[in-house]
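Chemist: Build the 3D model from these lines:
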Amino acid sequence: MRPRRLTVTNVPKSADVNIGDLIITSEYSNHFPAGIPIGTVIESGNLDNLFKKIVLKPSVDFETLEEVFVLNNLPDNEKINLENSLFAK
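Modeler: From the prediction side, this is the model:
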């Protein structure tokens, strides 16, 4: 069986990403709660002149999951209103 891997593309070349780093969800998302582990970087390489791609070992073995939970994350209205007011100008 081939080990599972996640590929993340279009990572800015200036991003400080190293093998062994843990990738987690960001506090800047309106869709996902912050701090959820995604995976550990096992490869990093240049995609083109502006971007690189990273390969992750998932934090979860999806083949052995027995239960999952659906997160119903409600958007932060204050954050959305602030963002909308900045982009409306």
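Chemist: Flag the shaky bits of this structure, pLDDT-wise.
Modeler: 1-3, 73-75, 89 (pLDDT under 70).
Chemist: residue ranges for the strands of it, please.
Modeler: Ranges of strands in the chain, per DSSP state E, are 6-12, 22-24, 37-46, 51-58.
Chemist: How many residues are close by the residue nearest to Lys79 when sequence neighbours are not counted?
Modeler: Of all residues not flanking Lys79 in the chain, Asn30 sits nearest, at 6.9 Å (C-beta to C-beta, 6 or more residues apart in numbering). (C-beta placed from N, C-alpha, C; glycine too.) If you count neighbours by other C-beta atoms under 10 Å, Asn30 ends up with 12.
Chemist: Now tabulate the strands of the chain in CSV and tack on distance to Leu86 and mean neighbour count.
Modeler: As requested, these are arranged in CSV below (distance: least, C-beta to C-beta, whole Å; neighbours: other C-beta atoms under 10 Å):
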stretch, distance to Leu86, mean neighbour count
strand 6-12, 21, 12
strand 22-24, 26, 15
strand 37-46, 28, 14
strand 51-58, 26, 17
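Chemist: For Val70, which of those is the nearest?
Modeler: The closest approach between Val70 and any of the strands of the chain, judged by C-beta to C-beta, belongs to strand 37-46 at 17.1 Å.
Chemist: Return the alpha-carbon coordinates of that closest one using CSV.
Modeler: The C-alpha trace of strand 37-46 is given here as CSV (Å, rounded to 0.1, in the frame of the first residue of the first chain):
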residue,chain,number,x,y,z
PRO,A,37,-3.3,20.0,12.5
ILE,A,38,-3.2,19.1,8.8
GLY,A,39,0.1,17.4,8.4
THR,A,40,3.9,17.4,8.7
VAL,A,41,6.1,18.6,5.8
ILE,A,42,8.0,15.8,4.2
GLU,A,43,9.1,17.5,1.0
SER,A,44,9.4,21.1,-0.2
GLY,A,45,10.4,22.2,-3.7
ASN,A,46,10.0,25.0,-6.2
